[in-house]
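Colleague: here's my sequence, what's the structure:
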Amino acid sequence: MTKAILPALSDPESTADAAIELFGDEAATAVAHCGLDAWTDGRADDFAFWSTFSVV
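Modeller: Numbers count the residues shown, from 1 in each chain. Have a look, this model is predicted:
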């Protein structure tokens, strides 16, 4: 099921669309939490990814 929802995690646009589909109005908050988790875990590449797009 995840592959159908998140077909291309390397593509910010696809990830934004998937976040909106999964979380609706709370998508921006969910993405912000992913970025925050990456930052606090020291995963700079993941943080950069989550920081590249907007889910507004």
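Colleague: tell me the helix or strand right after the host helix or strand of residue 17.
Modeller: Using DSSP states H and E, residue 17 maps to helix 12-23. Downstream of helix 12-23, the next assigned helix or strand under DSSP H and E is helix 27-40.
Colleague: any stretches of the protein with poor pLDDT?
Modeller: Applying pLDDT under 70 to the chain flags the ranges 1-10, 53-56.
Colleague: about what we covered before: any buried residues in the helix holding residue 17, and which?
Modeller: By neighbour count with 16 or more other Cβ atoms under 10 Å, helix 12-23 contains the buried residues 12, 15, 16, 17, 18, 19, 20. For the C-beta atoms, the positions are set from N, CA and C on the backbone; glycine is no exception.
Colleague: hmm, the third one is touching residue 31, no?
Modeller: In other words, residue 16. Yes. Between residue 16 and residue 31 there is a contact at 7.4 Å, judged by Cβ atoms under 8 Å.
Colleague: measure residue 47 to residue 21 for me?
Modeller: To residue 21, residue 47 is 23 Å away according to Cβ to Cβ, to the nearest Å.
Colleague: hmm, I typed the wrong one, I wanted residue 30.
Modeller: 11 Å.
Colleague: and for residue 44?
Modeller: Distance from residue 44 to residue 21, by Cβ to Cβ: 27 Å.
Colleague: check residue 36 too.
Modeller: Noted for residue 36: a distance of 21 Å to residue 21, by Cβ to Cβ.
Colleague: how about residue 42, phi and psi?
Modeller: Main-chain dihedrals, residue 42, degrees, to the nearest 10: phi 80, psi 20.
Colleague: so who does it touch?
Modeller: By Cβ atoms under 8 Å, 6 or more residues apart in numbering, no residues touch residue 42.
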